[in-house]
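In: Sharing a model prediction with you, sequence too.
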Amino acid sequence: MNIDLIANFSYIVAALLFIVGLKMLGSPATARRGNWLSSVGMLVAVTAGLFNKGIITYDWIIVGMIVGAIIGATAARLVAMTSMPEMVALFNGFGGIASLLVGWAALFGVTTDFTVVTICLAMLIGGLTFTGSLVAFAKLSELINSKALVFPGQRFFNGLLLIAIIAIAVLFYMEPAVDSKFLYALIGLSLLLGIMAVIPIGGADMPVVISLLNSYSGIAACAAGFAINNNILIVAGSLVGASGIILTKIMCKAMNRSLANVLFSGFGAVKTGKAIEGVVKPINVEDAYYILEAATNVSFVPGYGMAVAQAQHVVKELGKILEANGCEVSYAIHPVAGRMPGHMNVLLAEADVPYEQLLEMDEINPRIETVDVAIVIGANDVVNPSARTDEDSPIYGMPIIDVDKARTVFVLKRSMASGFAGVPNPLFFGENTRMLFGDAKESISGVIAEFS
C-alpha cells in the first residue's frame, strides 16, 4: 500500500480523535476520556508523520519521547491545583517555541514564496506566544507584580515595534536564508513583542490572556504545518486556534469587556474604585454551624482561595452533610473564577462533586434571593457588588454572582485583603455578611466537626 495513502488515512483518524476529544472536553463527565482520545490522536499523528517522511533512525526520537513523557507525567502528578494556571501558561509557551523552531527548520528545505510567508508567521506568532506565556507565568506565580505595567508612550512604542516586525519580515521574505540577519531580527522582535503585549495586562484579566495565548499557540502550529506541508499539524493547530478564540470570547463576555479593552486598557492601572468603610461582622465556627443547621438552601461560591487552601474535598463533605440534613446544595461557578478558564470546575471535579449541582452564573443569579446561606470560599472579584454600583471601579460592568442578595453570606478568608485584581470589596461590610476568618479548609472542617 502507498505510504502517502497510509499516512493520510492515519491523519484522518487522528483528526477525528482530536475533534471527538475536544467535544468531550466540554463536559466534566467526559473530559478525562476526551483528553485520552486527543492524546492517542496526537500519538497517531506523530507516528504517521515520521513514517511518511521515511525516518529510519528513531534513536533520538524515542529518547525524546521517553524524556518528554517522564517530564509531562511528573509535572502533571506533582503540580498543585493552585499552580495549574501557571502550568497551562508554560504549556502554551512550549507550544509557541516549538512552532518557532519548526518554522526555522523549514528553511533548510526547498522553499516557495508561500512557504516563506508561513515560516515568518510561525516564528512571529510562536515567539510572541513563548515570551508572552512566560510573562503570564511570572504574573500568575507572583514572581513579578501581577498588576498592569504601563508607561507613557507604551502604545506608541508597541506600534513602532509592530511596524518594525512587518518591515523586517518583508526584507526576510525578499532574501530568505538560514543565516540571514533579518531572520534573527525577526525572532528577536517577536520575542520582545510577546513581553510588551502581556505586561500591560493586569491580574484580573489572566483567564482571558491564558485562553488567548492558547489560541496563539494553535495558530502558530497551523502556520508551522503549512511551512512543512503537514496536513494534521494544520488541522490540529486550526482546532486549537479556533477553540481558543471561542473561549477567549466567552471569557470576555463573562467580564463584559471587549478583547481590545483587555489587551490595551491596562486593567486597574488607573482606576482603583472608591474607598470602602463599614463594620466587619466576624463569626466563629460554632455560630456558623447553627445557621447552616437551620438552612434549607445553601450555595457554595468557590474562588482561588479554595484552591490555595485545598478545601474542595471538605467542601464536598460539608455539602453531603447538609444534604443529609434536608438542605438543597449547589455550587455557583463564575466563568472567570480562579486564574484560568474552568479552574473551579477542575477543582470540584477532582473532589467528585456531582455535575448537576454545578450552576453557572446565569443559573444561580435568578434564584439567589431564595438561598438561605451563600458560602463564599476565597472568591473576591467575581462576587464584588462594585461591579454593579461603582462606575470608578475597574471591574464596573462585569457580570458577577449576586451573593449579596442571598439571605445570609458567609465569606471565608484569611484576612480582609483584596482579590487578585486589587479591588476593594463592599460585600465584606454587608448587613447580611458574616466573615469567617482563617484557613478555609480548617474552618469548614470545624463546621463539619460541629455537625458530628
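Out: That came in fine, so what should we check first? Note that the coordinates shown come from a computational prediction; the quantities given were computed from them, not determined experimentally. Residues are numbered from 1 along each chain as shown.
In: any idea how far stretch 24-42 is from the chain center?
Out: 17 Å (Cα atoms, centre = their mean, to the nearest Å).
In: neighbouring contacts of it?
Out: Stretch 24-42 is contacted by residues 13-18, 20-23, 236, 345, 349, 355, 358 when judged by Cβ atoms under 8 Å, 6 or more residues apart in numbering. The C-beta positions use only the backbone N, C-alpha and C, and glycine is treated the same way.
In: For it, buried residues please.
Out: Met24, Leu25, Pro28, Ala31, Gly34, Leu37, Ser38, Gly41, Met42 (16 or more other Cβ atoms under 10 Å).
In: With stretch 283-298 instead?
Out: Ile283, Val285, Ala288, Tyr289, Ile291, Leu292, Ala295, Asn297, Val298.
In: what does stretch 430-440 give?
Out: So for stretch 430-440, counting by 16+ other Cβ under 10 Å, buried means Gly430, Thr433, Arg434, Met435, Leu436, Gly438, Asp439, Ala440.
In: circling back: return the subset of the contacts of stretch 24-42 lying in strands.
Out: Among those, the subset assigned to strands under DSSP state E consists of Leu358.
In: Please, a ChimeraX command that selects the buried ones among the contacts of stretch 24-42?
Out: Buried subset of those, written as a ChimeraX selection, criterion 16+ other Cβ under 10 Å:
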select :13,14,15,17,18,20,21,22,236,345,349,358
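In: Now the closest residue to Phe108 other than its chain neighbours: which helix or strand?
Out: Leaving aside its chain neighbours, Phe108 sits nearest to Val178 (6.3 Å; criterion: Cβ to Cβ, 6 or more residues apart in numbering). Val178 is part of no helix or strand when elements are defined by DSSP states H and E.
In: for the residue nearest to the spatial centre of the chain, phi and psi?
Out: In the chain, the centroid-proximal residue (Cα atoms, centre = their mean) is Met340; its distance is 2.8 Å. Per-residue torsions, Met340: phi -160, psi 160 (degrees, to the nearest 10).
In: what about it, distance to Val235?
Out: Using Cβ to Cβ, to the nearest Å, Met340 is found at 25 Å from Val235.
In: And for Pro354?
Out: For Pro354 relative to Val235 (Cβ to Cβ), the value is 35 Å.
In: again with Met123
Out: Applying Cβ to Cβ to Met123 and Val235 gives a distance of 21 Å.
In: okay, those two: which has more neighbours?
Out: Between Met123 and Val235, counted using other Cβ atoms under 10 Å, Met123 has the larger neighbour count: 30 against 20.
In: The more buried one touches Trp104, doesn't it?
Out: Yes. Using Cβ atoms under 8 Å, Met123 is in contact with Trp104, at 6.3 Å.
In: For these two, list the residues in contact with both.
Out: The contact lists of Met123 and Trp104 share Leu183, Ile187, where a contact means Cβ under 8 Å, 6+ apart.
In: Assign a three-state SS to Val329, would you?
Out: strand (DSSP: H, G, I helix; E, B strand; the rest coil).
In: quick one: Gly237 and Gly225 touch, right?
Out: Yes. Counting by Cβ under 8 Å, Gly237 touches Gly225, with 5.6 Å between them.
In: Mark out where each domain of this protein begins and ends.
Out: 1-78, 82-270, 285-451 (automatic domain parsing).
In: what mean pLDDT does the shortest one have?
Out: In this case it means domain 1-78. Averaged across domain 1-78, the pLDDT comes to 84.
In: how far does it sit from the chain's center?
Out: 23 Å.
In: where does the stretch 351-452 of the chain dip in pLDDT?
Out: 418-422 (pLDDT under 70).
In: So which of the buried residues of stretch 430-440 are in helices?
Out: Members of the buried residues of stretch 430-440 lying in helices (criterion: DSSP state H): Ala440.
In: wait, which of the buried residues of stretch 430-440 is closest to Ala136?
Out: Ala440 (25.8 Å; Cβ to Cβ).
In: Is the closest one in contact with Gly303, as I believe?
Out: No. With contact defined as Cβ under 8 Å, Ala440 does not count as touching Gly303 (9.6 Å).
In: Which neighbours do the two have in common?
Out: Ile377, Gly378.
In: now the domains of the chain in JSON lines, with distance to Gly278?
Out: Below are those laid out as JSON lines (distance: least, Cβ to Cβ, whole Å):
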{"stretch": "domain 1-78", "distance to Gly278": "38"}
{"stretch": "domain 82-270", "distance to Gly278": "22"}
{"stretch": "domain 285-451", "distance to Gly278": "3"}
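In: Would you tell me which of the ones you listed gets closest to Val279?
Out: domain 285-451 (6.5 Å).
In: and the end-to-end length of the closest one?
Out: Terminal residues of domain 285-451 lie 11 Å apart, using Cα to Cα, to the nearest Å.
In: Over to stretch 381-401?
Out: Note: stretch 381-401 ends 10 Å apart using Cα to Cα.
In: Equivalent analysis for stretch 173-181, please.
Out: 12 Å.
In: Averaged pLDDT, it. What do you get?
Out: The model assigns stretch 173-181 a mean pLDDT of 85.
In: Return the set of buried residues in that stretch.
Out: Pro176.
In: go on, stretch 184-200?
Out: For stretch 184-200, by 16+ other Cβ under 10 Å, it's 185-187, 189-194, 196-200.
In: you'd agree Pro100 is up against Cys120?
Out: Careful, residue 100 is Leu and not Pro. No. Contact criterion Cβ under 8 Å: Leu100 and Cys120 do not qualify, at 10.9 Å.
In: Quick check: the two most widely separated of the buried residues of stretch 283-298?
Out: Val285 and Asn297 (20.9 Å).
In: what's the spacing between Ala177 and Ala167?
Out: 17 Å.
In: before we move on, what about Gly326?
Out: 70 Å.
In: check contacts around the closest residue to Val329 other than its chain neighbours.
Out: Spatially, and ignoring its direct neighbours in sequence, Val329 is nearest to Gly319 (4.5 Å; Cβ to Cβ, 6+ apart). Applying Cβ under 8 Å, 6+ apart to Gly319 gives the contacts Val298, Phe300, Val329, Tyr331, Val353, Gln357.
In: So which of those residues wins on neighbours?
Out: Phe300 (30 neighbours).
In: So that residue: helix, strand or coil?
Out: Once three-state DSSP is applied, Phe300 turns out strand.
In: what about it, distance to Pro354?
Out: In terms of Cβ to Cβ, Phe300 sits 12 Å off from Pro354.
In: try Asn380
Out: 26 Å.
In: Look at the two and report which has more neighbours.
Out: Asn380 (26 against 14).
In: Wait, that one touches Asn425, no?
Out: Yes. At 5.7 Å, Asn380 counts as touching Asn425 under the criterion of Cβ under 8 Å.
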